[in-house]
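A.B. asks: Below is the structure, and that's it, no one-letter string:
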């Protein structure tokens, strides 16, 4: 089910769904994170494509990797970490394209690049991955998400444009939006405006 429209009606929100239902709510929070609501997206926002893969369990890896997440600052960047079952997850190779992630041939090619880069960095041959995936995510010009009230609506909130930092920004968004719903001002809210 997809939300297709939202309107403010007598102090409440009427949310239309793709299957024809109308849901009434006092508050609505759009947690799109990696996408943008059409109502507030603009030319400064972009959807980019990214790729990742995971090795088989108990893959050979440096001992130190069990305690660290590595994030390379290059462009395109690379990140990798290990999981409790001994997989290595590696990702990156972002492209400024909103649909490149849908291409199966590109998924194979990007997985090969990620494997090669990881092998070079840790000095261990990386085998055929157990899992490969690709996705799109939203970025803003400042690199910060947009968190707060949807412009023009009293009780509709959104949090979007996380870039590659969903875990951190979603926690910040939860604090800011819940404070706003409860009628409290969050001192960090002004850092994440809708621009």
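C.D. replies: Now that the structure is in, tell me what you want to look at. Computed from a prediction, not measured in an experiment: that's the story for all the values here.
A.B. asks: Could you list the low-pLDDT ranges of the chain?
C.D. replies: For the chain, the stretches flagged by pLDDT under 70 are 33, 195.
A.B. asks: On the three-state scheme, residue 118 is what?
C.D. replies: Reducing the assignment to helix, strand or coil with DSSP: H, G, I helix; E, B strand; the rest coil, the entry for residue 118 is helix.
A.B. asks: how far away is it from residue 56?
C.D. replies: Applying C-beta to C-beta, to the nearest Å, the value for residue 118 to residue 56 is 14 Å. The C-beta positions use only the backbone N, C-alpha and C, and glycine is treated the same way.
A.B. asks: same question, residue 22
C.D. replies: The spacing between residue 22 and residue 56, counted by C-beta to C-beta, is 48 Å.
A.B. asks: Contact partners for the residue most central in space within the chain?
C.D. replies: Against the mean C-alpha coordinate of the chain, by C-alpha atoms, centre = their mean, the closest residue is residue 34 at 3.9 Å. Under the criterion of C-beta atoms under 8 Å, 6 or more residues apart in numbering, the contact list for residue 34 reads 135-138, 160-162, 166.
A.B. asks: PyMOL command to pick out the buried ones of the residues you listed?
C.D. replies: Buried residues within those, by 16 or more other C-beta atoms under 10 Å, are selected in PyMOL with:
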select buried, resi 136+137+138+160+161+162
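A.B. asks: The contacts of residue 34 in helices, which ones?
C.D. replies: Applying DSSP state H to the contacts of residue 34, the entries found in helices are residue 166.
A.B. asks: got the contacts of residue 34 as JSON lines, with distance to residue 52 columns?
C.D. replies: What follows is those, written out as JSON lines (distance: C-beta to C-beta, whole Å):
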{"residue": "135", "distance to residue 52": "8"}
{"residue": "136", "distance to residue 52": "13"}
{"residue": "137", "distance to residue 52": "12"}
{"residue": "138", "distance to residue 52": "17"}
{"residue": "160", "distance to residue 52": "21"}
{"residue": "161", "distance to residue 52": "20"}
{"residue": "162", "distance to residue 52": "15"}
{"residue": "166", "distance to residue 52": "13"}
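A.B. asks: Skipping its backbone neighbours, what lies nearest the residue nearest to the centre of the chain in space?
C.D. replies: Setting aside the residues directly before and after it, residue 34 is nearest to residue 137 in space (C-beta to C-beta, 6 or more residues apart in numbering), at 3.6 Å.
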